[in-house]
Every structure is written in C-alpha cells, then in structure tokens.
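Student: Generate a structure from the sequence data that follows.
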Amino acid sequence: MYFFTSDEHYGHTNIIKYCNRPFNSIKEMDEEIIKRHNEKVKSNDLVIHGGDFTLIPNIVMVQNIYISKLNGTHIFIRGSHDRWMPKSFHDRWEKTINGQHIVVDHYAGRVWSRSHYNSWQLFGHSHGGLEPIGKQHDISVDNNNFYPLSFDEIFEIMKTRPDNFNLVKGEK
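Tutor: Have a look, this model is predicted:
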C-alpha cells in the first residue's frame, strides 16, 4: 500500500503557533503524529513524505529520533526545511499506480508532469491554506487531521475533483 504525507515538522517549536496546531508542546505533537502514522501504515507499506519532515539538521539524529519510530519504508522529498537530507534526495517523486500517474512535489504547481493527461499532483508546503486546482490535493498533515493518506483515500478524493484545466480531451 502507498501512503502520502507532508509537513510533519517534527521538532519544530514554532509550527504549533504558525499553523495553529492543537498541541501544547513539541513532545505532544511529535508523539501524536507518530501515533496516527502508525495507526494506518504497516511495516510493508511505502510512505512518500512530501517535504518539511523536520528542521533537525543531522541525518543520524533524524533517523534515531523519528524515522526509526515510523512504520513503513520511506521516500523523502526535499522541502524548504529539510537541511538533514543529503543532496542526493529527491525534489520530486513520480510513479504510475494502478494506471494513475502521480506526481509528489513539496510545492503546488499550476501545471505538472502529465497534467494534460489528468495526472494527480500531491503537494505540501501550504498546510491546508491553498485551494487545489484540478487533480491536486494538499497532503500536509495540517490538511488531513495529522494522518497520512493511502492511495485509496486519494483515489476517492480525486473522484470529487474536476479535470485538470489543460486536459487533452479524450485522453487520460
């Protein structure tokens, strides 16, 4: 199973205030996001993180403090706060799942790879504050009750979304 999430901001003290998150402390926030992640994600699932995982700059600390506590195998997209990631980490992830092309970016776009064929773009960064266009969805934890979303949940959301404005009619 594929899962998608973004903008966890583990260990980021000010994110509670900036995004009006319902937590009293970083410890409470981190523990609750990890708990909700593990409620849905199993050990053999693949999780795509769309950026801004943590501000902590040391990859070993990030692995020990956070990644080791999360179920699943993880792919990380570089966000605007991910100083812990080596340069080799992705800025974008693309894959076709069950015939549906999906693009995951940290930032929302007006157009994206294969958008003219109704591909989906999953994005973060805006923490639920940006209205999607066409086949887009904001996968930030702030927009999804602090849970990752499965491919099946995204599929149901996309059924309610209009076609991409640049769709080449008659093709998908």
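
Student: Can you show me the helices along the chain?
Tutor: 15-18, 26-40, 59-65, 151-159 (DSSP state H).

Student: The shortest one - contacts with which helices or strands?
Tutor: So that's helix 15-18. The contact analysis (3 or more C-beta pairs under 8 Å, 6 or more residues apart in numbering; DSSP states H and E) places helix 15-18 against helix 26-40. In short, each C-beta sits where N, CA and C put it, glycine included.

Student: what comes up buried for the helix it packs on?
Tutor: By neighbour count on 16 or more other C-beta atoms under 10 Å, the buried set for helix 26-40 is 26, 29-30, 33-34, 36-37, 40.

Student: How about stretch 70-84?
Tutor: Neighbour-count burial for stretch 70-84 [16+ other C-beta under 10 Å]: 70-72, 74-79, 81-82, 84.

Student: Next: stretch 57-66.
Tutor: 62, 66.

Student: which other residues reach that stretch?
Tutor: Under the contact criterion C-beta atoms under 8 Å, 6 or more residues apart in numbering, stretch 57-66 has outside partners 10-11, 30, 34, 53-54, 56, 83-86.

Student: pLDDT averaged over stretch 3-22 - what is it?
Tutor: Stretch 3-22 shows a mean pLDDT of 97.

Student: mind checking the end-to-end distance for it?
Tutor: 23 Å (C-alpha to C-alpha, to the nearest Å).
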